[in-house]
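# Have a look at this fold, sequence not included:
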Ligand SMILES: Nc1ncnc2c1ncn2[C@@H]1O[C@H](COP(=O)(O)OP(=O)(O)OP(=O)(O)O)[C@@H](O)[C@H]1O
Ligand SMILES: [Mg+2]
């Protein structure tokens, strides 16, 4: 049995997102396994980023349920009961369950602990790399600073918390190889460094699920190799599951445990990397042909061409 | 800790030893110079005057100065603390000389000395609390040349401002100095405070607020009405005015902060206008255009600045002069402005301040990190409003009379221009801009000498705004990001390096 079936951290159920007449995400259902690296792939305009925006609360989905079990195993019956109550969150015997579609974006990050990066990097360009990582710890630090009162008085407990926050930031900078650039503005870093810094910033929020929108876009082969090992390190050393949108198939096949494929807003394939790679539906989508039979024909033609 | 370290004398012991040695030398040197003096008395006879207290003061001064300089790490702390200690001792000196009771001067030196020492200790604590030490122990934290220079400018400017009214008073006398202390000193400081208050909203949080004067008005009317209706004293009304203004800030903020950019600017502009219109038309409460007069004037902690027997002058045994009130107002607004400054600087290093700046940089990224942007904006708005309200209460107590004409859009525009000209977010930049803007327009009033050039019909006052506008245009071409555009990072690991202005965002509402 696959982990995404036995122990899902997130269940996307019948999710749809409509912009006027355009259906960007059309009745999509899949699960994200706890501790897995799940890849979300699909041609341009397939609705991947839109799906991310729904999960992280930046869009309110038109329809569908996003049941997020931060800890423990969400029992199907309990999830159904919570859905009926209309509440956002329930602390159940089987663990915490969040209904992400009902929560505003910042609460999804702060309470459900879903962190994300953006397709177009969104660092705080005028702040230093270190500051970027400290801002990510905002809620914990806000609490430690007694909503600024204890902080203004410079109480020792606050100073300890601040030191710990800086230490965490420094550790992440060291992990992404940017410790020497801690005091440089994030906007002045090279592109590849900014990508990794954005991931480190998301990790500083202490997420249970990390959503990465095309983190390897624009990276050279060496940098995308570094990225792959960073992601594996995050999965192995932290209790963080990863959902990643990626176009680079070599990266996807190398690191992911589970691949989900979208095309024109609909889910067309869902399974292990091996399964998806050989799924005629996927090949059809990527070759731009209309159905699987035609795709097989095209693939066969290509094979014949290359044998000549 | 090894054993050798335990046996070594502590820092305090070392400092005490060094200080005693320096004090001894000071005593030995001052004995022949200071202890005895020959003076001719009324009958032209020579008498020997013994001045032992002076020797004591000199010795003590050197002792304290040496002690402070060896116990304090931070050079700024050392400089300030020593200056402060010397000033305090000078104050003691002035008090213990029986022949010339100079209480006022002594009080001033005492107060400014204490302020300096407090400032010094603040730097020292700041230096010790700086979190880079436990982590990056091997690297010595150093400030960059520019930020060090900016700090130095700040300290020198502060010293200058503290001395300003007294130097003028000594130089020009009570009559001559009144204009300079009032029109230049107090007036500029009000705008420095308003600029620093608005800087929280516009410079740090990046929210364009075109109606800041509304909160200034709320503060002024709060004091005026509370004092004239309920007879509350200024010191009670001051915090109340701040709280009321903050309350109005939150009230306005709730509906308005959903808007961004131009929309936010427009709504705040409208809010400023609404407040002025309400103040003009709600005649029952505010007395409309006629305004509120005979607002109780400021007193020296209960001693009124009058020629009466229980007045300030009589109590301290000095001749009455209206300049005393002006000087007191000067220091009052200076303290209020400095409070604004210190609170802002400290908040910038706390999570809330960092969240403000992050909000200015990228609001969506903030939300993806779990920052409640509505609350964060509201705190910036409320805090900015509170400082505006405090400045308003000061304005009312200074003028003794207020009406809605003091709270027009021109005021909002001036304050915003100060913030933008200063370089959004920079505290010292805003202060410099206030000096340039307010002091500059005042200076232009003094251009009478131009009559020599252009004939007697020439009235420089009419060209004041023209010249001023030209200067602003030149300024914006020369330094489009304001006087000080470099951003100081709020924390650093190894080295504090300014962030070039071109990287820093201006906010989008
Ligand atoms: N806010 C919006 N309003 C209207 N249409 C939108 C909006 N956001 C996305 N869309 C549309 O939804 C569709 C899916 O877009 P989306 O950005 O999710 O694709 P994607 O899979 O991330 O593509 P890419 O690989 O290019 O990033 C596109 O046709 C896009 O134009
Ligand atoms: Mg996309």
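Cool, the structure landed. Predicted model only: the values in this text are computed from it and were never measured. Residues are numbered from 1 along each chain as shown, chains lettered A, B, ... in the order given. Ligands and ions are numbered 1, 2, ... in the order given.

# Quick check: phi and psi on the closest residue to residue A:204 other than its chain neighbours?
Excluding its sequence neighbours, the residue lying closest to residue A:204 (CB to CB, 6 or more residues apart in numbering or on different chains) is residue A:136, at 3.7 Å. For glycine as for every other residue, the C-beta is placed from the backbone atoms N, C-alpha and C. The phi and psi values for residue A:136, taken as degrees, to the nearest 10, are phi -60, psi -20.

# Just to check, residue B:272 is in contact with residue B:218?
No: with contact defined as CB atoms under 8 Å, residue B:272 does not count as touching residue B:218 (10.9 Å).

# hang on, the earlier thing: what is the neighbour count of the residue nearest to residue A:204?
If you count neighbours by other CB atoms under 10 Å in any protein chain shown, residue A:136 ends up with 32.

# Now for it: which residues touch it?
Contact analysis of residue A:136 by CB atoms under 8 Å, 6 or more residues apart in numbering or on different chains lists A:201-205, B:369.

# Go again with 6 Å.
Residues in contact with residue A:136, defined by CB atoms under 6 Å, 6 or more residues apart in numbering or on different chains, are A:201, A:204-205, B:369.

# which ones among those are found in helices?
Among the contacts of residue A:136, DSSP state H puts residue A:201 in helices.

# about what we covered before: per-residue pLDDT, the residue nearest to residue A:204?
Note on residue A:136: pLDDT of 93.

# next one: residue B:340
93.

# helices and strands around the helix or strand where it lies, which ones?
Assigned by DSSP states H and E, residue B:340 belongs to helix B:323-348. Counting by 3 or more CB pairs under 6 Å, 6 or more residues apart in numbering or on different chains; DSSP states H and E, the packing neighbours recorded for helix B:323-348 are helix B:145-179, helix B:187-198, helix B:373-399.

# Would you mind saying which of these lies nearest residue A:12?
Nearest to residue A:12, of all the helices and strands packed on helix B:323-348, is helix B:373-399, at 26.1 Å by CB to CB.

# Can you tell me what sits against the following helix or strand past that closest one?
Counting by DSSP H and E, the next helix or strand C-terminal to helix B:373-399 is helix B:409-422. The list of residues contacting helix B:409-422 from outside it, by CB under 6 Å, 6+ apart, reads B:194-195, B:198-199, B:202-203, B:210-213, B:272, B:429-430, B:433-434, B:437, B:482-483.

# interface residues of the stretch 101-250 of chain A facing ligand 2?
Taking CB under 5 Å from the ion as the measure of proximity, the stretch 101-250 of chain A contacts ligand 2 at residue A:119.

# List the contacts of the residue of the stretch 51-200 of chain A found nearest ligand 2.
Nearest residue of the stretch 51-200 of chain A to ligand 2: residue A:119, at 4.7 Å (CB to the ion). Residues near residue A:119 by CB under 6 Å, 6+ apart: A:49, A:213-214.

# Excluding residues flanking it in the chain, which one is nearest it?
Spatial nearest neighbour of residue A:119, excluding adjacent residues (CB to CB, 6+ apart): residue A:213 at 4.3 Å.

# cool, and residue A:31?
Using CB to CB, 6+ apart and skipping residues adjacent in sequence, the residue nearest residue A:31 is residue A:8, 3.8 Å away.

# from the chain's centre, how far out does the helix or strand where residue A:18 lies sit?
Using DSSP H and E, residue A:18 maps to strand A:8-19. Put simply, strand A:8-19 sits 14 Å off its chain's centre (CA atoms, centre = their mean, to the nearest Å).

# May I see the buried residues of it?
For strand A:8-19, the neighbour count (16 or more other CB atoms under 10 Å in any protein chain shown) marks A:8-13, A:15-17 as buried.

# Same check on stretch A:227-245?
Those would be A:227-228, A:230-231, A:234-235, A:240-245, for stretch A:227-245 by 16+ other CB under 10 Å.

# Quick check: end-to-end length of that stretch?
The straight-line separation of the ends of stretch A:227-245 (CA to CA, to the nearest Å) is 13 Å.

# So for it, mean pLDDT?
pLDDT averaged over stretch A:227-245 gives 86.

# hmm, who's touching it?
A:9, A:32, A:34-40, A:48, A:207, A:209-216, A:251, A:254-255.

# Could you report the neighbour count for the residue of the stretch 251-400 of chain B found nearest chain A?
The stretch 251-400 of chain B approaches chain A most closely through residue B:370 (3.3 Å), counting by CB to the nearest CB. Residues lying near residue B:370 (other CB under 10 Å) number 26.

# Wait, residue A:79 touches residue A:67, no?
Yes: counting by CB atoms under 6 Å, residue A:67 is a contact partner of residue A:79 at 5.0 Å.

# before we move on, back to that, roughly how far does the residue nearest to residue A:204 sit from residue A:205?
As judged by CB to CB, to the nearest Å, residue A:136 and residue A:205 stand 5 Å apart.

# Residue B:227 now?
Residue B:227 is 49 Å from residue A:205, by CB to CB.

# cool, residue B:380 as well?
Look at residue B:380 and residue A:205: by CB to CB, they are 22 Å apart.

# Which one's more surrounded, the two?
Using other CB under 10 Å as the criterion, residue B:380 and residue A:205 rank with residue B:380 on top: 28 against 24.

# Surely the more buried one touches residue B:205?
Yes: between residue B:380 and residue B:205 there is a contact under CB under 6 Å: 3.8 Å.

# Now tell me which helix or strand of chain A has the poorest mean pLDDT.
helix A:292-307 (a mean of 65; mean pLDDT, DSSP states H and E).

# Can you say which helix or strand has the residue of the stretch 1-150 of chain A at minimum distance from ligand 2 in it?
Residue of the stretch 1-150 of chain A nearest ligand 2, by CB to the ion: residue A:49 (3.1 Å). According to DSSP H and E, residue A:49 maps onto helix A:48-55.

# which residues of the stretch 1-150 of chain A score low on pLDDT?
Within the stretch 1-150 of chain A, the stretches with pLDDT under 70 are A:1, A:93-94.

# Over to the stretch 351-500 of chain B?
Applying pLDDT under 70 to the stretch 351-500 of chain B flags residues B:447-464.

# Return the residues of it in contact with chain A.
Taking CB under 6 Å from any CB of the partner chain as the contact definition, the stretch 351-500 of chain B meets chain A at B:351-352, B:354-355, B:358, B:361-362, B:365, B:367-372, B:487, B:489, B:492-495, B:497, B:499.

# Just the buried residues of these.
For these, buried by 16+ other CB under 10 Å: B:351-352, B:354-355, B:358, B:361-362, B:365, B:367-372, B:487, B:489, B:492-495, B:497, B:499.

# that older thread, specify the local secondary structure of the residue of the stretch 51-200 of chain A closest to ligand 2.
Counting by DSSP: H, G, I helix; E, B strand; the rest coil, the backbone at residue A:119 sits in coil.

# ditto for residue A:65
Residue A:65 ends up strand, using three-state DSSP.

# Now for the closest residue to it other than its chain neighbours: which residues touch it?
Among residues not flanking residue A:65 along the chain, residue A:13 sits closest, at 4.4 Å (CB to CB, 6+ apart). Contacts for residue A:13 (CB under 6 Å, 6+ apart) come out as A:29, A:64-65.

# related to what we said a few turns ago, would you format the helices and strands packed on helix B:323-348 as JSON lines with distance to ligand 2 included?
JSON lines is the format used below for those (distance: least, CB to the ion, whole Å):
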{"stretch": "helix B:145-179", "distance to ligand 2": "40"}
{"stretch": "helix B:187-198", "distance to ligand 2": "39"}
{"stretch": "helix B:373-399", "distance to ligand 2": "23"}
